[in-house]
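>>> Just need the structure, nothing else, for what follows:
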Amino acid sequence: MPQPHIITLEEHFTSPKLKALRGEKDSPVQRKLDDLGALRIAEMDEAGIDLQVISENNPATQNLDAEMAVKLARESNDVLHEAVRAHPTRFAAFATLPTPDPKAAAAELERCVDKLGFKGAMIMGLTHGRFMDDKQFRPIFERAAALDVPVYIHPTPPMQAVQDAWFKEYPALAVAPLGFTLETLTHTVRLVVSGLFDEFPKLKIIVGHLGETMPYLMWRTNYLVAERMKMPRDFAAYYREHFWLTTSGSFSDAALTCAVTEMGVERILFSVDWPFMPNARPPMARRSACQRTGSRIDFRGQCAETAENLTINKKRLWEETHEVHAIDRPARACAGATRFGRPCAKRILSEPDGTHRQPFHRRQCQRHSWSRTGREARRDVGPDGHRREQA
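Residues are numbered from 1 along each chain as shown. Predicted coordinates:
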């Protein structure tokens, strides 16, 4: 069996002029951000990573004035392009976009994709406190959809008013430990409910950190949005069609299993978040292997080790459930589903060989559906796990 091509998608650098503008101080992490050659490649080799898709570090050009953003975004992309030209088998690139000028940002995205061979763009969250669902940013998404390239939404600290209200006593929480998650989770939910994907049905969005808790919240968000907002389709349907999630900076088997369960393994892409996370495996982490075909990321490529880990977990859960509930398969599925605190789903824990026919969030039990609550499902399952006959 051929070895998979290992690609990482959320790996950063700092261009010289943006570094100087921000006054970045020397540090081990900053020296790695500055490097687009031997040091970076040595750490990739140590971890068995074949290719990095590199992007400008946070906050890139999102908070500059429009004129300076346009100039420095172009210069950043040119610096990165030279690095990719020097190491074409090891590096690829996401464009930095001058979002303070959306039309110029759309033009820069087209230049980077068509002339420089970039794979898409990375946007560092808010632009002067505005989320990307704002209508003024539509030209960027329109161009990305037309070019058929993804836009990676990366976290940034919440706006200052939120930081002051929520994190004044605990400023360390305002960034990566919690603030990043709250900002990006809010950002992506707003994109879905804004109607963006009805306007651009081919648009692709990537989110890191396994979706910033969105897989865990999917059922509740989908249920309550449907109850309180009128949308052409379910929230979850939009999210599962238009979003891909990466493992960047989030190396929990439980979180990974949740993300794969809600999204399907084909929607999970491997990333590290270098140099803020090491390429070498942390003790608790398991590396996935994502394939690539041609000159663009193949979003259909499955993460082999991710799928293997999921299969192992499904076997374990199936065996545990089988030991507790020695009953027929449909009843076991019902009892197992409610046992783990979820609405019932057909064969949720069946097929111990791990066969992945389709994400089980789309399956329905013979007796229940996803529209029914766990409490309602339990009414039809006796204490022994067998289904009760309805009158």
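
>>> CA atoms of stretch 25-41 as PDB?
As requested, the backbone C-alpha atoms of stretch 25-41 are provided in PDB (Å, rounded to 0.1, in the frame of the first residue of the first chain):
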ATOM      1  CA  LYS A  25      10.200  40.700  19.500                       C
ATOM      2  CA  ASP A  26      12.700  38.000  19.000                       C
ATOM      3  CA  SER A  27      11.700  34.600  20.400                       C
ATOM      4  CA  PRO A  28      11.900  30.900  19.500                       C
ATOM      5  CA  VAL A  29       8.500  31.000  18.000                       C
ATOM      6  CA  GLN A  30       9.200  34.200  16.100                       C
ATOM      7  CA  ARG A  31      12.400  32.700  14.600                       C
ATOM      8  CA  LYS A  32      10.300  29.900  13.300                       C
ATOM      9  CA  LEU A  33       7.700  32.300  11.800                       C
ATOM     10  CA  ASP A  34      10.600  34.100  10.100                       C
ATOM     11  CA  ASP A  35      11.900  31.000   8.500                       C
ATOM     12  CA  LEU A  36      10.800  29.800   5.000                       C
ATOM     13  CA  GLY A  37      13.600  27.300   4.400                       C
ATOM     14  CA  ALA A  38      15.900  24.900   6.200                       C
ATOM     15  CA  LEU A  39      14.500  25.200   9.800                       C
ATOM     16  CA  ARG A  40      10.900  24.800   8.700                       C
ATOM     17  CA  ILE A  41      11.700  21.800   6.400                       C
END
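
>>> Tell me the buried residues in that stretch?
Residues Lys32, Leu33, Asp34, Asp35, Leu36, Arg40, Ile41 are the ones in stretch 25-41 that count as buried (16 or more other C-beta atoms under 10 Å). For glycine as for every other residue, the C-beta is placed from the backbone atoms N, C-alpha and C.

>>> The second one: what secondary structure?
It refers to Leu33. For Leu33, the reduced secondary structure class is helix; criterion used: DSSP: H, G, I helix; E, B strand; the rest coil.

>>> can you pull the contacts of it?
Residues near Leu33 by C-beta atoms under 8 Å, 6 or more residues apart in numbering: His12, Phe13, Thr14, Lys19, Glu24, Asn57, Pro275.

>>> what's the pLDDT at the residue nearest the centre of the chain?
The C-alpha lying nearest the average C-alpha coordinate of the chain belongs to Leu245 (C-alpha atoms, centre = their mean; 2.2 Å). Confidence per residue is given as pLDDT, and for Leu245 that number is 98.

>>> Please identify the buried residues of stretch 8-19?
Thr8, Leu9, Glu10, Glu11, His12, Phe13, Thr14, Ser15, Leu18.

>>> scratch that, stretch 254-263 is what I was asking about
The neighbour-count check on stretch 254-263 (16+ other C-beta under 10 Å) flags Ala255, Leu256, Thr257, Cys258, Ala259, Val260, Thr261, Glu262, Met263 as buried.

>>> which ones among those residues are found in strands?
Secondary structure from DSSP state E places none of the buried residues of stretch 254-263 in strands.

>>> Return the two entries of these that lie farthest from one another.
Distances among these were taken as C-beta to C-beta; the most separated pair is Ala255 and Met263, at 12.0 Å.

>>> list residues touching both of the two?
Between them, Ala255 and Met263 have Pro215 as joint contacts when contacts are counted by C-beta under 8 Å, 6+ apart.

>>> Quick check: the residue nearest to the centre of the chain vs Trp274, distance?
Leu245 sits 18 Å away from Trp274, taking C-beta to C-beta, to the nearest Å as the criterion.

>>> Ok, Pro28 next?
Counting by C-beta to C-beta, the gap between Pro28 and Trp274 amounts to 13 Å.

>>> For the stretch 101-250 of the chain, which segments are assigned as strands?
In chain order, the stretch 101-250 of the chain shows strands spanning 121-124, 151-154, 205-207, 243-246, with DSSP state E, counting those that start in this stretch as the criterion.

>>> Show me the contact partners of the third one.
Residues outside strand 205-207 that contact it (C-beta under 8 Å, 6+ apart): 9, 120, 150-153, 184, 188, 191, 214, 242-246, 269.

>>> for the last one, same thing?
Strand 243-246 is contacted from outside by 9-10, 150, 188, 204-211, 214-215, 259, 263, 267-271, 299, using C-beta under 8 Å, 6+ apart.

>>> which ones are touching the closest residue to Val29 other than its chain neighbours?
When the adjacent residues along the chain are set aside, Val29 lies closest to Pro275, with 5.3 Å between them (C-beta to C-beta, 6 or more residues apart in numbering). Residues touching Pro275, when contacts are defined by C-beta under 8 Å, 6+ apart, comprise His12, Val29, Lys32, Leu33, Glu43.
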